[in-house]
Each structure stands twice: as C-alpha cells, then as structure tokens.
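Asks: Quick one, fold the following:
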Amino acid sequence: MKYYKHFETLNGTDRIKYFQPEGTSMCIPNVTDNIDFSRMMGEVDAGTSTIEEVDETIVLTYADHRRDDYPDMGDQLDDLYHKGAFSDEMAAKLKAVKDANPKG
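Replies: Sure, this is the predicted structure:
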C-alpha cells in the first residue's frame with residue numbers, strides 16, 4: 001500500500017501534518033503512539049508499504065490571476081452606478097441604500 005505524506009509549514013519550517021492511505025480520505029496523524037501510525041510504520045519497515053511525498057504547491061490559474069487583479073466588486077458596481085449604467089429601477093434601489101448609509 002502507498003501512504004501519502006502531507007506537510008504544513010509553520011514559521012518557515014516544513015513538518016509532516018498527516019499521512020493518507022492511497023484511495024482513501026483517511027488521515028493518519030504524525031503521532032507515534034497512534035495505532036494507525038504504528039501499523040503504517042510496521043508495514044513500511046516490513047517493505048509491504050511505501051510513503052510518498054505529496055507536492056501540494058499551489059499553482060495559480062489565469063482565473064486566479066485575473067480575480068486577484070480585478071478591482072473590488074464594490075468599486076466596479078459603484079463606478080457603474082455613477083456612470084448611469086444601471087436601469088432606473090436598480091439605480092433607485094442603489095440610491096436608497098446609499099442614502100440610508102451615507103459615507104462617514
């Protein structure tokens with residue numbers, strides 16, 4: 001069986017967070033007195049199981065970059081409101097909210 005080793009970084013130091021048996025959602029904590037951890041290490045020592053590192057590096061997509069670069073949604077909507085791009089009904093609703101909650 002394969003076990004996947006998952007890491008977390010705390011204060012710039014990587015440490016093992018948990019192990020996950022292949023094909024399951026089970027998490028085995030990195031705790032030596034845990035029975036599942038002891039069983040896993042026994043399998044590894046016997047050569048019947050292996051531990052693989054998981055690359056959990058986050059890879060940003062173009063959508064992530066776009067989302068991060070766009071102006072705040074509230075700023076976008078405020079700009080449309082001031083440019084008169086909304087229907088009269090929507091502009092009236094927005095004006096009512098703005099009037100009820102003026103800027104400080």
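Asks: What helix or strand is the residue nearest to residue 86 when sequence neighbours are not counted located in?
Replies: Leaving aside its chain neighbours, residue 86 sits nearest to residue 80 (6.2 Å; criterion: Cβ to Cβ, 6 or more residues apart in numbering). Just so you know, the C-beta spots here come from the backbone N, C-alpha and C atoms, and that holds for glycine as well. Residue 80 belongs to helix 73-82 when elements are defined using DSSP states H and E.
Asks: For the following helix or strand past that helix, give me every contacting residue.
Replies: Downstream of helix 73-82, the first helix or strand assigned by DSSP H and E is helix 88-100. The contact list for helix 88-100 (Cβ atoms under 8 Å, 6 or more residues apart in numbering) reads 77, 81, 84, 86.
Asks: Among these, list the two that are farthest apart in space.
Replies: Greatest spatial distance among those (Cβ to Cβ): 77 and 84, at 13.0 Å.
Asks: how many neighbours does residue 3 have?
Replies: By other Cβ atoms under 10 Å, the residues close to residue 3 number 22.
Asks: sec struct for it, please.
Replies: In three-state terms, and counting by DSSP: H, G, I helix; E, B strand; the rest coil, residue 3 is strand.
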